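J.: sharing a sequence plus its predicted fold:
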Amino acid sequence: MSDPKDLPNIRSVRVGKTGEGSMHPEHRYGSRLPLMLWVLFSRRWIDGVPVHFFAIEHRDGLVLFDTGLDPAIGSNPRKYLGSALGEFFLYRLFRWEIGPEDNVSDQLSGMGHDVGSVRKVVFSHLHFDHTGCIDHLLHAQLLAPRREWQALIKPKAERDWYFRQHVDLPGANWNLFEMEPCDDPDIAPFGSCFDVMGDRSIVLLPTPGHTAGSVSMLLHSAGMPPILLISDLAFELDMLLSDRLPGVGEDFDAMLDSYARVRALKERLPELVILPSHDMQTSARLAGAMRKQVHL
């Protein structure tokens, strides 16, 4: 993939964490048991699962990839979810450790950014743990895959962990995108892409599986190794590398196909750094990647 010309288009990439959670190993790593059986009766938990979002400092403005959780889900989950049934099932899937300070504005402030400087927010998909605090970002352009928006507005979407009341807010500047043909041979196996900034430094790739409309974000700029943010395509990098499927997903065949395309991209770009959103090693891997950054 050709480097963008002139000065680096991306100045920094930072990761924010909106709390931590616990999840069942059957959820994270898969199980032969029926889903409802382990959801209701598993007593095993994996702790310390991060809920990440990413801040990309582009020379044309700050871009976010997802926004993590809203702390309101920790303080009043029944109100946030809109039902006692939702709260019942949520706490059999996840346990949250999240405080008032674990919001997108305070997390950005800790990085040295003001939330008001965010120009664009790209959502990998529209599940609630990736769309928190949209009310902090009504000034920004909000970008989502059109297919994800269709999932958000369908009847009973909350059963699939889409909560329209927290996403489709009055005054929000939503822009729904479709993938387009790409002529870059490195990403040709993905079939299409979407160029966020128009300079090929932030490119979205279709990676369905976790949801039908899920996308990953490829960051490529002079002076830094290429980085691929894969959101929930895999909960851990090793799962993607070894074709290990989680316990939940909309389409496991599509997930395996997406795994294969990401691995093919890694073969073409050996320095590629792949970062899932809920991997405990993501923060350290990103820090290592950014230490390799050369300021031109």
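T.: Yep, that arrived.

J.: show me the contacts for the spatially closest residue to residue 177 that is not a sequence neighbour.
T.: Leaving aside its sequence neighbours, residue 177 sits nearest to residue 194 (C-beta to C-beta, 6 or more residues apart in numbering; 5.3 Å). In short, each C-beta sits where N, CA and C put it, glycine included. By C-beta atoms under 8 Å, 6 or more residues apart in numbering, residue 194 lies in contact with 177-180, 203-204, 215.

J.: could you work out the most separated pair of those residues?
T.: The most widely separated members of the contacts of residue 194, counting by C-beta to C-beta, are 178 and 203 (14.4 Å).

J.: what about residue 28, distance to residue 94?
T.: 11 Å (C-beta to C-beta, to the nearest Å).

J.: ah, wrong one, I meant residue 16
T.: For residue 16 relative to residue 94 (C-beta to C-beta), the value is 19 Å.

J.: can you check residue 72 too?
T.: Relative to residue 94, and taking C-beta to C-beta, residue 72 is found at 15 Å.

J.: cool, and residue 71?
T.: Applying C-beta to C-beta, the value for residue 71 to residue 94 is 14 Å.

J.: which residues in the stretch 51-200 of the chain form helices?
T.: 72-75, 77-81, 84-93, 104-111, 146-153 (DSSP state H, counting those that start in this stretch).

J.: may I see those organised as CSV, with mean pLDDT, mean neighbour count and distance to residue 199 added?
T.: As requested, the helices of the stretch 51-200 of the chain are arranged in CSV below (pLDDT from 0 to 100; neighbours: other C-beta atoms under 10 Å; distance: least, C-beta to C-beta, whole Å):
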stretch, mean pLDDT, mean neighbour count, distance to residue 199
helix 72-75, 88, 17, 36
helix 77-81, 86, 17, 38
helix 84-93, 82, 15, 40
helix 104-111, 97, 18, 23
helix 146-153, 97, 18, 23
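
J.: looking at those, which is nearest to residue 221?
T.: For residue 221, the closest of the helices of the stretch 51-200 of the chain is helix 104-111, at 18.1 Å, according to C-beta to C-beta.

J.: so who does residue 173 touch?
T.: Neighbouring residues of residue 173 by C-beta under 8 Å, 6+ apart: 138-142.

J.: if we can go back for a sec, compile the helices of the stretch 51-200 of the chain into TSV and extend it with columns for distance to residue 9.
T.: Output for these, formatted as TSV (distance: least, C-beta to C-beta, whole Å):
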stretch	distance to residue 9
helix 72-75	35
helix 77-81	37
helix 84-93	39
helix 104-111	19
helix 146-153	26
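
J.: closest to residue 166 out of those?
T.: With C-beta to C-beta as the measure, helix 77-81 is the member of these nearest residue 166 (7.5 Å).

J.: contacts for the closest one, please.
T.: Around helix 77-81, the neighbours that count as contacts under C-beta under 8 Å, 6+ apart are 70, 72-73, 84, 86-87, 90-91, 158, 163, 166.

J.: nearest to residue 126 among these?
T.: residue 163 (8.8 Å).

J.: so the closest one touches residue 82, yeah?
T.: Yes. When contacts are counted by C-beta atoms under 8 Å, residue 163 is listed as touching residue 82 (7.1 Å).

J.: neighbour count winner among the two?
T.: residue 163 (20 against 14; other C-beta atoms under 10 Å).

J.: need the contact list for the more buried one.
T.: With C-beta under 8 Å, 6+ apart, residue 163 has these contacts: 80-82, 128, 131, 157.

J.: so in this structure, where's the weakest helix or strand by average pLDDT?
T.: Within the chain, no helix or strand scores below helix 84-93, which has a mean of 82 by mean pLDDT, DSSP states H and E.

J.: tell me what that one is packed against?
T.: Here helix 84-93 touches helix 35-41, helix 77-81, going by 3 or more C-beta pairs under 8 Å, 6 or more residues apart in numbering; DSSP states H and E.

J.: okay if I get the ones you listed as a markdown table plus distance to residue 221?
T.: Output for the helices and strands packed on helix 84-93, formatted as a markdown table (distance: least, C-beta to C-beta, whole Å):
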| stretch | distance to residue 221 |
| --- | --- |
| helix 35-41 | 41 |
| helix 77-81 | 37 |
